[in-house]
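> My questions concern the predicted model and sequence given below.
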Amino acid sequence: MNGIQERITFDANKCRTLRIGQIDLFDCLAEKQYLICGYALPFGYGRFCRHPQRKDFAEGSSRNKPVPPPQVDPLE
């Protein structure tokens, strides 16, 4: 970046999370937001989200929407 650092400002509208199994753990999917977020908890190679609205962030993510089962024609 030619010696110019990118300025990152926290924006909750960019937050996305992914629910891990049936437990109340959510993986942070927001790019670069975790660097300045006080709710991001580093763990291994990822980050857990502890934000009070983490469930809303997951529900708003297209990755967490339920996928309907494929429609299959019955065998005759």
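Alright, I've got the coordinates. Numbering: from 1, shown residues only.
> ranges for the helices of this structure?
54-59 (DSSP state H).
> quick one, strands of it?
Assigned by DSSP state E, the chain shows strands spanning 17-19, 26-28, 40-43, 46-49.
> so can I have TSV of the ones you listed showing mean pLDDT, distance to F57 and mean neighbour count?
Just so you know, the C-beta spots here come from the backbone N, C-alpha and C atoms, and that holds for glycine as well. Supplementary listing: these in TSV, determined by pLDDT from 0 to 100; distance: least, Cβ to Cβ, whole Å; neighbours: other Cβ atoms under 10 Å:
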stretch	mean pLDDT	distance to F57	mean neighbour count
strand 17-19	88	4	20
strand 26-28	90	7	21
strand 40-43	89	12	14
strand 46-49	90	7	20
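> Of these, give the one that comes closest to I8.
Nearest to I8 among those is strand 40-43 (12.6 Å), distances taken as Cβ to Cβ.
> ok, the closest one: who's next to it in the sheet?
strand 46-49 (antiparallel) (DSSP bridges).
> Would you mind listing the buried residues in stretch 30-46?
By neighbour count on 16 or more other Cβ atoms under 10 Å, the buried set for stretch 30-46 is 30, 33-34, 37, 39-40.
> quick one: which of the residues you listed is nearest F57?
A30 (8.1 Å).
> So for that closest one, what's the pLDDT?
On the pLDDT scale, A30 is placed at 85.
> same thing with the one 5 residues further on?
Predicted confidence (pLDDT) for L35: 84.
> What sits closest to it if chain neighbours are left out?
I8 (6.0 Å; Cβ to Cβ, 6 or more residues apart in numbering).
> Kindly export stretch 40-53 (C-alpha atoms) in CSV.
What follows is stretch 40-53 as a C-alpha-only set of coordinates in CSV (Å, rounded to 0.1, in the frame of the first residue of the first chain):
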residue,chain,number,x,y,z
ALA,A,40,-13.9,-10.5,18.8
LEU,A,41,-12.2,-13.3,20.7
PRO,A,42,-9.2,-14.8,18.9
PHE,A,43,-9.1,-18.6,19.1
GLY,A,44,-6.7,-20.8,17.0
TYR,A,45,-6.9,-19.6,13.4
GLY,A,46,-10.3,-18.0,13.8
ARG,A,47,-12.3,-15.6,16.0
PHE,A,48,-15.4,-16.0,18.1
CYS,A,49,-17.9,-13.3,18.2
ARG,A,50,-19.2,-12.2,21.6
HIS,A,51,-21.3,-9.3,20.4
PRO,A,52,-24.8,-9.0,21.9
GLN,A,53,-26.3,-9.1,18.4
